[in-house]
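Enquirer: Below is the sequence, then the predicted model.
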Amino acid sequence: MTHPARTPFTGRILMVGFGSIGQGVLPLLLRHLTLTPDRVTIVTAETRGQKEAELFGVRFIHEPVTRGNYRTLLEPLFGPGDALVNLSVDVSSVALIELARQHGALYIDTCIEPWLGGYTDPDLGPADRSNYALREAALALGRAPGAPTAVVTHGANPGLVSHFTKRALLNIAAATGFEPPVPADRAGWATLAQTLGVKTIHVAERDTQVARFPKKPGEFVNTWSIDGFVGEGCQPAELGWGSHERHFPADGHRHEKGSQAAIWLARPGAATRVRTWTPLAGPIHGFLITHNEAISLADYLTVGSGTQPEYRPTVHYAYHPSDDAVLSVHEFAGRNYELQPEKRLMMDEIIEGMDELGVLLAGHAKGAYWYGSRLTIGEARELAPHNNATSLQVTAAVLGGLVWAIENPDRGLVEPEEMDHERVLEVAAPYLGELAGAFTDWTPLDGRGQLFPEDIDTEDPWQFKNIRVV
(Lines give C-alpha, C1' and ligand atoms only; values in the text may rest on other atoms or scores of the structure.)
Protein backbone atom coordinates (compact mmCIF):
# COMPACT_ATOMS: atom_id res chain seq x y z
CA MET A 1 0.00 0.00 0.00
CA THR A 2 1.04 3.62 -0.49
CA HIS A 3 1.64 5.34 2.83
CA PRO A 4 0.95 9.04 3.37
CA ALA A 5 3.53 11.44 4.72
CA ARG A 6 4.36 10.60 8.31
CA THR A 7 2.78 12.69 11.06
CA PRO A 8 5.43 14.79 12.83
CA PHE A 9 5.99 13.59 16.40
CA THR A 10 9.14 14.34 18.37
CA GLY A 11 8.18 12.73 21.67
CA ARG A 12 8.52 9.25 23.09
CA ILE A 13 5.90 6.48 23.21
CA LEU A 14 5.31 4.55 26.42
CA MET A 15 3.10 1.56 25.65
CA VAL A 16 1.53 -0.22 28.62
CA GLY A 17 0.41 -3.70 27.60
CA PHE A 18 1.64 -5.65 24.58
CA GLY A 19 -0.98 -8.25 23.74
CA SER A 20 -2.53 -8.70 20.31
CA ILE A 21 -3.43 -5.01 19.97
CA GLY A 22 -0.07 -3.72 21.18
CA GLN A 23 1.82 -6.03 18.83
CA GLY A 24 -0.45 -5.01 15.97
CA VAL A 25 -0.28 -1.26 16.54
CA LEU A 26 3.50 -0.96 17.01
CA PRO A 27 4.38 -1.35 13.30
CA LEU A 28 1.64 1.16 12.40
CA LEU A 29 3.03 3.77 14.79
CA LEU A 30 6.53 3.32 13.39
CA ARG A 31 5.15 3.50 9.86
CA HIS A 32 2.95 6.59 10.24
CA LEU A 33 4.70 8.77 12.85
CA THR A 34 8.14 10.36 12.64
CA LEU A 35 9.11 7.90 15.35
CA THR A 36 12.28 5.88 15.77
CA PRO A 37 12.37 2.58 17.70
CA ASP A 38 14.73 3.97 20.36
CA ARG A 39 11.91 6.32 21.46
CA VAL A 40 9.48 3.48 22.22
CA THR A 41 9.25 1.61 25.53
CA ILE A 42 6.90 -1.28 26.24
CA VAL A 43 5.89 -2.26 29.78
CA THR A 44 3.84 -5.44 30.03
CA ALA A 45 2.94 -8.19 32.47
CA GLU A 46 3.64 -11.00 29.99
CA THR A 47 6.66 -12.11 27.98
CA ARG A 48 4.41 -12.75 24.98
CA GLY A 49 5.51 -10.43 22.20
CA GLN A 50 9.05 -9.90 23.48
CA LYS A 51 10.64 -11.36 20.34
CA GLU A 52 8.48 -9.14 18.14
CA ALA A 53 9.46 -6.07 20.17
CA GLU A 54 13.13 -6.95 19.88
CA LEU A 55 12.79 -7.37 16.10
CA PHE A 56 11.55 -3.78 15.92
CA GLY A 57 14.36 -2.64 18.19
CA VAL A 58 12.19 -1.20 20.96
CA ARG A 59 12.81 -1.42 24.70
CA PHE A 60 10.81 -4.19 26.39
CA ILE A 61 10.20 -4.23 30.16
CA HIS A 62 8.56 -7.35 31.57
CA GLU A 63 6.90 -6.05 34.73
CA PRO A 64 3.21 -6.05 35.76
CA VAL A 65 1.80 -2.57 36.36
CA THR A 66 -0.02 -2.56 39.70
CA ARG A 67 -1.73 -0.16 42.04
CA GLY A 68 1.37 -0.22 44.21
CA ASN A 69 4.10 0.28 41.61
CA TYR A 70 2.64 2.18 38.66
CA ARG A 71 4.15 5.53 39.59
CA THR A 72 7.65 4.35 40.38
CA LEU A 73 7.67 2.04 37.35
CA LEU A 74 6.25 4.42 34.72
CA GLU A 75 7.24 7.93 35.77
CA PRO A 76 10.90 7.62 34.66
CA LEU A 77 9.80 6.48 31.21
CA PHE A 78 7.87 9.48 29.88
CA GLY A 79 7.33 13.20 30.30
CA PRO A 80 6.08 16.38 28.60
CA GLY A 81 5.42 15.97 24.88
CA ASP A 82 5.40 12.16 25.06
CA ALA A 83 2.42 9.81 24.65
CA LEU A 84 1.18 7.08 26.97
CA VAL A 85 -0.54 4.41 24.87
CA ASN A 86 -2.53 2.23 27.28
CA LEU A 87 -3.40 -1.14 25.73
CA SER A 88 -3.38 -3.13 28.96
CA VAL A 89 -5.93 -5.08 30.96
CA ASP A 90 -6.28 -4.96 34.76
CA VAL A 91 -4.58 -1.54 34.95
CA SER A 92 -6.65 1.44 36.03
CA SER A 93 -7.23 3.80 33.12
CA VAL A 94 -8.17 6.59 35.52
CA ALA A 95 -4.83 6.25 37.32
CA LEU A 96 -2.89 6.39 34.03
CA ILE A 97 -4.93 9.33 32.69
CA GLU A 98 -4.11 11.26 35.86
CA LEU A 99 -0.44 10.29 35.59
CA ALA A 100 -0.21 11.36 31.95
CA ARG A 101 -1.93 14.67 32.70
CA GLN A 102 0.43 15.37 35.61
CA HIS A 103 3.45 14.76 33.38
CA GLY A 104 2.24 16.75 30.37
CA ALA A 105 1.86 13.70 28.14
CA LEU A 106 -0.79 12.67 25.62
CA TYR A 107 -2.86 9.61 26.45
CA ILE A 108 -4.98 7.08 24.54
CA ASP A 109 -6.67 3.80 25.44
CA THR A 110 -9.23 1.42 23.91
CA CYS A 111 -11.44 0.98 26.96
CA ILE A 112 -11.69 2.22 30.54
CA GLU A 113 -10.16 -0.52 32.70
CA PRO A 114 -10.27 -1.01 36.48
CA TRP A 115 -7.45 -2.41 38.56
CA LEU A 116 -7.07 -6.21 38.65
CA GLY A 117 -10.23 -7.87 39.94
CA GLY A 118 -12.47 -4.85 39.38
CA TYR A 119 -14.69 -6.62 36.85
CA THR A 120 -15.48 -9.53 39.16
CA ASP A 121 -15.09 -8.09 42.68
CA PRO A 122 -17.87 -9.77 44.74
CA ASP A 123 -17.79 -6.83 47.18
CA LEU A 124 -19.01 -4.52 44.41
CA GLY A 125 -22.59 -4.48 43.22
CA PRO A 126 -23.33 -4.88 39.49
CA ALA A 127 -23.85 -1.14 39.02
CA ASP A 128 -20.39 -0.47 40.47
CA ARG A 129 -18.82 -3.02 38.10
CA SER A 130 -20.47 -1.51 35.05
CA ASN A 131 -18.91 0.45 32.22
CA TYR A 132 -21.24 3.27 33.20
CA ALA A 133 -19.45 3.50 36.56
CA LEU A 134 -16.02 3.30 34.94
CA ARG A 135 -16.95 6.08 32.51
CA GLU A 136 -18.26 8.26 35.33
CA ALA A 137 -14.95 7.77 37.19
CA ALA A 138 -13.04 8.93 34.11
CA LEU A 139 -15.34 11.91 33.53
CA ALA A 140 -14.91 12.87 37.19
CA LEU A 141 -11.30 13.78 36.34
CA GLY A 142 -12.74 16.73 34.42
CA ARG A 143 -12.56 17.51 30.73
CA ALA A 144 -9.81 20.07 31.49
CA PRO A 145 -9.58 21.80 28.10
CA GLY A 146 -6.07 23.16 27.72
CA ALA A 147 -4.61 20.09 29.42
CA PRO A 148 -2.79 17.42 27.38
CA THR A 149 -5.23 15.48 25.22
CA ALA A 150 -6.42 12.18 26.71
CA VAL A 151 -8.45 10.16 24.21
CA VAL A 152 -10.44 7.50 26.04
CA THR A 153 -12.05 4.34 24.60
CA HIS A 154 -10.70 4.65 21.07
CA GLY A 155 -10.38 1.19 19.59
CA ALA A 156 -12.69 -0.30 16.97
CA ASN A 157 -15.54 -0.38 19.41
CA PRO A 158 -15.72 1.67 21.38
CA GLY A 159 -14.10 4.29 19.16
CA LEU A 160 -14.27 3.70 15.42
CA VAL A 161 -18.00 2.91 15.54
CA SER A 162 -18.80 6.42 16.77
CA HIS A 163 -17.19 7.80 13.62
CA PHE A 164 -19.12 5.26 11.54
CA THR A 165 -22.31 6.51 13.21
CA LYS A 166 -21.69 10.09 12.11
CA ARG A 167 -21.08 8.97 8.53
CA ALA A 168 -24.18 6.80 8.65
CA LEU A 169 -26.34 9.70 9.85
CA LEU A 170 -25.12 11.85 6.96
CA ASN A 171 -25.69 9.01 4.47
CA ILE A 172 -29.25 8.43 5.72
CA ALA A 173 -29.94 12.16 5.51
CA ALA A 174 -28.75 12.25 1.90
CA ALA A 175 -30.81 9.16 1.00
CA THR A 176 -33.96 10.74 2.41
CA GLY A 177 -33.44 14.02 0.57
CA PHE A 178 -32.39 15.89 3.68
CA GLU A 179 -28.86 17.23 3.35
CA PRO A 180 -28.07 19.63 6.19
CA PRO A 181 -24.56 20.99 6.74
CA VAL A 182 -22.29 18.66 8.69
CA PRO A 183 -23.08 19.30 12.37
CA ALA A 184 -20.39 21.22 14.22
CA ASP A 185 -21.18 20.12 17.76
CA ARG A 186 -22.97 17.64 19.99
CA ALA A 187 -26.31 19.46 19.80
CA GLY A 188 -26.15 19.42 16.01
CA TRP A 189 -25.54 15.67 15.78
CA ALA A 190 -28.26 14.91 18.34
CA THR A 191 -30.73 17.08 16.46
CA LEU A 192 -29.83 15.35 13.19
CA ALA A 193 -30.43 11.89 14.68
CA GLN A 194 -33.73 13.08 16.14
CA THR A 195 -34.84 14.69 12.87
CA LEU A 196 -34.09 11.49 10.96
CA GLY A 197 -36.06 9.45 13.49
CA VAL A 198 -33.28 7.03 14.45
CA LYS A 199 -34.63 4.88 17.27
CA THR A 200 -31.84 2.41 17.84
CA ILE A 201 -28.16 1.97 17.03
CA HIS A 202 -26.63 -1.49 17.12
CA VAL A 203 -22.90 -2.03 16.92
CA ALA A 204 -23.52 -5.06 14.72
CA GLU A 205 -20.51 -7.31 14.23
CA ARG A 206 -20.04 -10.76 12.71
CA ASP A 207 -16.59 -12.38 12.83
CA THR A 208 -16.26 -15.37 10.47
CA GLN A 209 -12.53 -16.07 10.86
CA VAL A 210 -11.70 -19.77 11.05
CA ALA A 211 -8.52 -21.48 12.26
CA ARG A 212 -6.94 -24.55 10.72
CA PHE A 213 -7.68 -26.52 13.89
CA PRO A 214 -10.82 -26.18 16.04
CA LYS A 215 -11.27 -25.24 19.66
CA LYS A 216 -10.53 -28.00 22.15
CA PRO A 217 -12.51 -28.69 25.33
CA GLY A 218 -11.08 -26.64 28.18
CA GLU A 219 -9.76 -23.96 25.85
CA PHE A 220 -10.94 -20.37 25.30
CA VAL A 221 -10.28 -19.26 21.73
CA ASN A 222 -10.71 -15.74 20.41
CA THR A 223 -9.46 -13.41 17.66
CA TRP A 224 -8.62 -10.61 20.12
CA SER A 225 -7.79 -10.26 23.81
CA ILE A 226 -9.23 -13.21 25.70
CA ASP A 227 -8.83 -11.51 29.08
CA GLY A 228 -10.52 -8.41 27.70
CA PHE A 229 -13.46 -10.37 26.28
CA VAL A 230 -13.89 -12.39 29.46
CA GLY A 231 -13.79 -9.25 31.61
CA GLU A 232 -16.47 -7.56 29.53
CA GLY A 233 -18.55 -10.70 29.40
CA CYS A 234 -18.65 -10.91 33.20
CA GLN A 235 -19.87 -7.34 33.59
CA PRO A 236 -23.62 -6.71 33.53
CA ALA A 237 -25.14 -6.20 30.10
CA GLU A 238 -25.57 -2.47 29.46
CA LEU A 239 -27.32 -0.34 26.89
CA GLY A 240 -28.16 3.26 26.22
CA TRP A 241 -31.89 3.55 26.90
CA GLY A 242 -33.91 5.31 24.22
CA SER A 243 -36.73 7.79 24.62
CA HIS A 244 -39.00 5.68 22.37
CA GLU A 245 -38.84 2.64 24.65
CA ARG A 246 -42.09 1.70 26.41
CA HIS A 247 -41.25 -1.68 27.95
CA PHE A 248 -38.66 -1.36 30.70
CA PRO A 249 -36.94 -4.75 31.21
CA ALA A 250 -37.99 -6.71 34.30
CA ASP A 251 -34.29 -7.19 35.12
CA GLY A 252 -33.35 -3.64 34.13
CA HIS A 253 -31.91 -1.06 36.53
CA ARG A 254 -31.24 2.67 36.25
CA HIS A 255 -28.25 4.53 37.63
CA GLU A 256 -28.72 7.11 40.34
CA LYS A 257 -25.97 9.48 39.23
CA GLY A 258 -24.50 10.89 36.04
CA SER A 259 -26.21 11.37 32.70
CA GLN A 260 -28.64 8.46 33.24
CA ALA A 261 -28.35 7.77 29.53
CA ALA A 262 -27.96 4.02 30.07
CA ILE A 263 -29.35 1.13 32.07
CA TRP A 264 -27.93 -2.21 33.15
CA LEU A 265 -29.44 -5.68 33.24
CA ALA A 266 -29.04 -8.02 36.20
CA ARG A 267 -27.24 -10.63 34.12
CA PRO A 268 -23.82 -10.87 32.46
CA GLY A 269 -23.36 -9.73 28.89
CA ALA A 270 -22.02 -13.18 28.00
CA ALA A 271 -25.48 -14.59 28.85
CA THR A 272 -27.55 -11.92 27.04
CA ARG A 273 -28.37 -12.09 23.34
CA VAL A 274 -29.99 -9.67 20.92
CA ARG A 275 -31.24 -9.76 17.34
CA THR A 276 -29.41 -7.71 14.73
CA TRP A 277 -28.42 -7.67 11.06
CA THR A 278 -25.31 -7.18 8.93
CA PRO A 279 -25.26 -7.06 5.12
CA LEU A 280 -23.23 -10.23 4.52
CA ALA A 281 -24.38 -12.34 7.47
CA GLY A 282 -28.02 -11.26 7.39
CA PRO A 283 -30.07 -11.74 10.60
CA ILE A 284 -27.97 -12.91 13.54
CA HIS A 285 -28.08 -13.30 17.30
CA GLY A 286 -25.30 -11.41 19.03
CA PHE A 287 -24.08 -11.13 22.62
CA LEU A 288 -25.04 -7.88 24.34
CA ILE A 289 -21.54 -7.31 25.69
CA THR A 290 -21.17 -4.05 27.57
CA HIS A 291 -19.12 -1.38 25.80
CA ASN A 292 -18.51 2.28 26.46
CA GLU A 293 -20.05 3.39 23.16
CA ALA A 294 -23.46 2.12 24.30
CA ILE A 295 -23.32 4.81 26.97
CA SER A 296 -21.28 7.58 25.35
CA LEU A 297 -23.14 7.51 22.01
CA ALA A 298 -26.54 7.48 23.71
CA ASP A 299 -25.42 10.35 25.92
CA TYR A 300 -23.93 12.33 23.00
CA LEU A 301 -27.08 12.00 20.87
CA THR A 302 -29.48 12.98 23.66
CA VAL A 303 -31.77 15.99 23.28
CA GLY A 304 -32.71 16.96 26.82
CA SER A 305 -31.42 15.14 29.89
CA GLY A 306 -32.17 12.62 32.61
CA THR A 307 -34.30 9.50 32.40
CA GLN A 308 -37.01 11.07 30.21
CA PRO A 309 -35.28 13.23 27.60
CA GLU A 310 -36.97 14.65 24.56
CA TYR A 311 -34.91 12.32 22.39
CA ARG A 312 -32.35 9.59 22.85
CA PRO A 313 -31.64 6.44 20.78
CA THR A 314 -31.23 3.01 22.32
CA VAL A 315 -27.60 1.96 21.74
CA HIS A 316 -25.92 -1.39 22.38
CA TYR A 317 -23.39 -3.88 21.10
CA ALA A 318 -24.63 -6.97 19.22
CA TYR A 319 -21.58 -9.21 18.85
CA HIS A 320 -21.39 -12.52 17.04
CA PRO A 321 -17.72 -13.50 17.46
CA SER A 322 -15.95 -16.26 15.57
CA ASP A 323 -17.61 -19.66 15.84
CA ASP A 324 -14.83 -20.98 18.08
CA ALA A 325 -15.25 -17.96 20.34
CA VAL A 326 -19.00 -18.66 20.59
CA LEU A 327 -18.24 -22.21 21.69
CA SER A 328 -15.71 -20.80 24.15
CA VAL A 329 -18.32 -18.48 25.67
CA HIS A 330 -20.82 -21.32 26.03
CA GLU A 331 -18.24 -23.46 27.81
CA PHE A 332 -17.15 -20.49 29.94
CA ALA A 333 -20.76 -19.87 31.01
CA GLY A 334 -21.20 -23.56 31.79
CA ARG A 335 -18.22 -23.32 34.13
CA ASN A 336 -20.12 -20.59 36.00
CA TYR A 337 -17.87 -17.96 34.41
CA GLU A 338 -14.61 -19.54 35.52
CA LEU A 339 -12.09 -19.16 32.70
CA GLN A 340 -10.90 -22.33 30.96
CA PRO A 341 -7.40 -23.53 31.88
CA GLU A 342 -6.07 -22.93 28.35
CA LYS A 343 -6.24 -19.79 26.18
CA ARG A 344 -5.47 -19.47 22.48
CA LEU A 345 -5.40 -16.24 20.50
CA MET A 346 -6.20 -16.97 16.85
CA MET A 347 -3.59 -15.32 14.64
CA ASP A 348 -1.24 -17.24 12.34
CA GLU A 349 -3.51 -20.31 12.29
CA ILE A 350 -6.45 -18.42 10.74
CA ILE A 351 -7.10 -19.76 7.23
CA GLU A 352 -10.13 -17.75 6.08
CA GLY A 353 -12.89 -15.36 7.09
CA MET A 354 -13.50 -11.70 7.79
CA ASP A 355 -14.69 -9.30 10.43
CA GLU A 356 -17.80 -7.37 9.38
CA LEU A 357 -18.01 -4.53 11.90
CA GLY A 358 -20.40 -1.64 11.64
CA VAL A 359 -23.36 0.27 13.04
CA LEU A 360 -27.00 -0.47 12.27
CA LEU A 361 -29.16 2.65 12.59
CA ALA A 362 -32.86 1.77 12.57
CA GLY A 363 -36.32 3.27 12.91
CA HIS A 364 -35.91 6.05 10.35
CA ALA A 365 -37.83 6.60 7.08
CA LYS A 366 -35.61 4.15 5.17
CA GLY A 367 -36.00 1.36 7.74
CA ALA A 368 -32.50 0.36 8.79
CA TYR A 369 -29.03 1.21 7.49
CA TRP A 370 -25.72 -0.53 8.24
CA TYR A 371 -22.38 1.18 7.69
CA GLY A 372 -18.97 -0.18 8.52
CA SER A 373 -15.85 -2.16 7.68
CA ARG A 374 -15.51 -5.51 5.91
CA LEU A 375 -11.96 -6.74 6.36
CA THR A 376 -10.77 -10.23 5.38
CA ILE A 377 -7.87 -12.08 6.97
CA GLY A 378 -6.05 -12.01 3.63
CA GLU A 379 -6.38 -8.23 3.37
CA ALA A 380 -5.26 -7.77 6.98
CA ARG A 381 -2.09 -9.79 6.39
CA GLU A 382 -1.25 -7.81 3.28
CA LEU A 383 -1.81 -4.47 5.02
CA ALA A 384 0.08 -4.88 8.30
CA PRO A 385 2.18 -7.44 10.18
CA HIS A 386 1.14 -9.06 13.48
CA ASN A 387 -2.59 -8.52 12.83
CA ASN A 388 -5.72 -10.46 11.96
CA ALA A 389 -8.93 -8.93 10.62
CA THR A 390 -10.29 -8.14 14.09
CA SER A 391 -7.13 -6.71 15.59
CA LEU A 392 -6.40 -4.50 12.55
CA GLN A 393 -9.75 -2.77 12.90
CA VAL A 394 -8.70 -1.92 16.46
CA THR A 395 -5.09 -0.98 15.77
CA ALA A 396 -6.08 1.26 12.85
CA ALA A 397 -8.40 3.10 15.23
CA VAL A 398 -5.64 3.49 17.82
CA LEU A 399 -3.42 4.94 15.10
CA GLY A 400 -6.16 7.32 13.94
CA GLY A 401 -6.91 8.42 17.49
CA LEU A 402 -3.28 9.04 18.36
CA VAL A 403 -2.67 11.04 15.15
CA TRP A 404 -5.70 13.19 16.03
CA ALA A 405 -4.35 13.69 19.58
CA ILE A 406 -0.93 14.70 18.25
CA GLU A 407 -2.62 17.23 15.95
CA ASN A 408 -4.89 18.43 18.78
CA PRO A 409 -2.59 18.22 21.83
CA ASP A 410 -4.46 20.41 24.34
CA ARG A 411 -8.07 19.21 24.33
CA GLY A 412 -8.07 17.56 27.76
CA LEU A 413 -10.17 14.41 28.22
CA VAL A 414 -11.96 13.54 24.98
CA GLU A 415 -14.39 10.78 23.99
CA PRO A 416 -14.61 9.51 20.38
CA GLU A 417 -17.86 11.34 19.68
CA GLU A 418 -16.11 14.67 20.31
CA MET A 419 -13.43 14.11 17.67
CA ASP A 420 -13.32 14.99 13.96
CA HIS A 421 -14.72 11.76 12.53
CA GLU A 422 -13.48 12.42 9.00
CA ARG A 423 -9.89 13.02 10.09
CA VAL A 424 -9.80 9.84 12.15
CA LEU A 425 -11.34 7.80 9.32
CA GLU A 426 -8.91 9.33 6.83
CA VAL A 427 -6.03 7.85 8.84
CA ALA A 428 -7.69 4.52 9.65
CA ALA A 429 -9.51 3.77 6.38
CA PRO A 430 -6.54 2.30 4.45
CA TYR A 431 -6.53 -0.54 7.00
CA LEU A 432 -10.28 -1.21 7.15
CA GLY A 433 -10.85 -3.13 3.93
CA GLU A 434 -14.13 -2.21 2.27
CA LEU A 435 -16.08 0.61 3.90
CA ALA A 436 -19.66 -0.09 2.86
CA GLY A 437 -23.22 0.94 3.61
CA ALA A 438 -26.47 -0.93 2.99
CA PHE A 439 -30.16 -0.28 3.60
CA THR A 440 -32.42 -3.16 4.64
CA ASP A 441 -36.08 -3.79 5.30
CA TRP A 442 -35.20 -6.39 7.96
CA THR A 443 -36.76 -5.92 11.38
CA PRO A 444 -36.53 -8.05 14.54
CA LEU A 445 -40.18 -9.04 13.95
CA ASP A 446 -39.39 -10.96 10.74
CA GLY A 447 -40.69 -14.52 11.05
CA ARG A 448 -41.64 -14.12 14.70
CA GLY A 449 -44.50 -16.08 16.27
CA GLN A 450 -44.74 -18.68 13.49
CA LEU A 451 -43.64 -21.69 15.53
CA PHE A 452 -44.46 -20.51 19.05
CA PRO A 453 -46.44 -17.60 20.48
CA GLU A 454 -44.28 -14.66 21.50
CA ASP A 455 -44.87 -11.56 23.59
CA ILE A 456 -43.86 -8.90 21.07
CA ASP A 457 -44.75 -5.29 20.32
CA THR A 458 -46.13 -5.38 16.77
CA GLU A 459 -46.70 -1.63 16.63
CA ASP A 460 -43.01 -0.72 16.86
CA PRO A 461 -40.44 -3.27 15.65
CA TRP A 462 -37.56 -1.29 17.18
CA GLN A 463 -38.58 -1.74 20.80
CA PHE A 464 -35.78 -3.40 22.79
CA LYS A 465 -38.40 -5.92 23.93
CA ASN A 466 -38.48 -7.21 20.34
CA ILE A 467 -34.73 -7.12 19.86
CA ARG A 468 -33.77 -9.02 22.99
CA VAL A 469 -33.65 -12.82 22.76
CA VAL A 470 -35.46 -14.39 25.72
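Expert: Thanks, I have the structure now.
Enquirer: drop to CA atoms for contacts and neighbour counts, all remaining ones
Expert: Fine.
Enquirer: Can you show me the strands along the stretch 201-350 of the chain?
Expert: 210-211, 219-222, 236-240, 252-254, 262-268, 273-278, 282-287, 314-320, 342-345, 350-352 (DSSP state E, counting those that start in this stretch).
Enquirer: quick one, domains of this protein?
Expert: Residue ranges for the domains of the chain, per automatic domain parsing: 13-151, 160-393+427-469.
Enquirer: now the strands of the stretch 201-350 of the chain in JSON lines, with mean neighbour count, mean pLDDT and distance to residue 27?
Expert: Below are the strands of the stretch 201-350 of the chain laid out as JSON lines (neighbours: other Cα atoms under 10 Å; pLDDT from 0 to 100; distance: least, Cα to Cα, whole Å):
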{"stretch": "strand 210-211", "mean neighbour count": "20", "mean pLDDT": "98", "distance to residue 27": "24"}
{"stretch": "strand 219-222", "mean neighbour count": "24", "mean pLDDT": "98", "distance to residue 27": "22"}
{"stretch": "strand 236-240", "mean neighbour count": "29", "mean pLDDT": "98", "distance to residue 27": "34"}
{"stretch": "strand 252-254", "mean neighbour count": "15", "mean pLDDT": "98", "distance to residue 27": "43"}
{"stretch": "strand 262-268", "mean neighbour count": "22", "mean pLDDT": "98", "distance to residue 27": "35"}
{"stretch": "strand 273-278", "mean neighbour count": "24", "mean pLDDT": "98", "distance to residue 27": "31"}
{"stretch": "strand 282-287", "mean neighbour count": "19", "mean pLDDT": "98", "distance to residue 27": "32"}
{"stretch": "strand 314-320", "mean neighbour count": "27", "mean pLDDT": "98", "distance to residue 27": "28"}
{"stretch": "strand 342-345", "mean neighbour count": "15", "mean pLDDT": "97", "distance to residue 27": "19"}
{"stretch": "strand 350-352", "mean neighbour count": "15", "mean pLDDT": "98", "distance to residue 27": "20"}
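Enquirer: and the gap between residue 460 and residue 247?
Expert: Residue 460 sits 11 Å away from residue 247, going by Cα to Cα, to the nearest Å.
Enquirer: So for these two, which sits in the more crowded spot?
Expert: residue 460 (16 against 11; other Cα atoms under 10 Å).
Enquirer: element containing the more buried one?
Expert: Using DSSP states H and E, residue 460 sits within no helix or strand.
Enquirer: A helix includes residue 5, no?
Expert: No. If the criterion is DSSP: H, G, I helix; E, B strand; the rest coil, then residue 5 is coil and not within a helix.
Enquirer: Pull up the gap between residue 278 and residue 209, please.
Expert: From residue 278 to residue 209 the distance is 16 Å (Cα to Cα).
Enquirer: next one: residue 32
Expert: Residue 32 sits at a distance of 27 Å from residue 209 (criterion: Cα to Cα).
Enquirer: Comparing those two, which shows the higher neighbour count?
Expert: The residue with more neighbours, out of residue 32 and residue 209, is residue 209; 24 against 19, by other Cα under 10 Å.
Enquirer: check contacts around that one.
Expert: 223, 322, 323, 350, 351, 352, 353, 354, 355, 377, 389 (Cα atoms under 8 Å, 6 or more residues apart in numbering).
Enquirer: one more time with 6 Å, if that's ok
Expert: Taking Cα atoms under 6 Å, 6 or more residues apart in numbering, we find residue 209 in contact with 322, 352, 353, 354.
Enquirer: just residue 207 next, same as before
Expert: Contacts of residue 207 by Cα under 6 Å, 6+ apart are 321, 322, 354, 355.
Enquirer: How about it, nearest residue that isn't a chain neighbour?
Expert: residue 355 (4.3 Å; Cα to Cα, 6 or more residues apart in numbering).
Enquirer: Distance check, the one you found against residue 275.
Expert: Applying Cα to Cα to residue 355 and residue 275 gives a distance of 18 Å.
Enquirer: Same question for residue 42.
Expert: Taken as Cα to Cα, the span from residue 42 to residue 275 is 40 Å.
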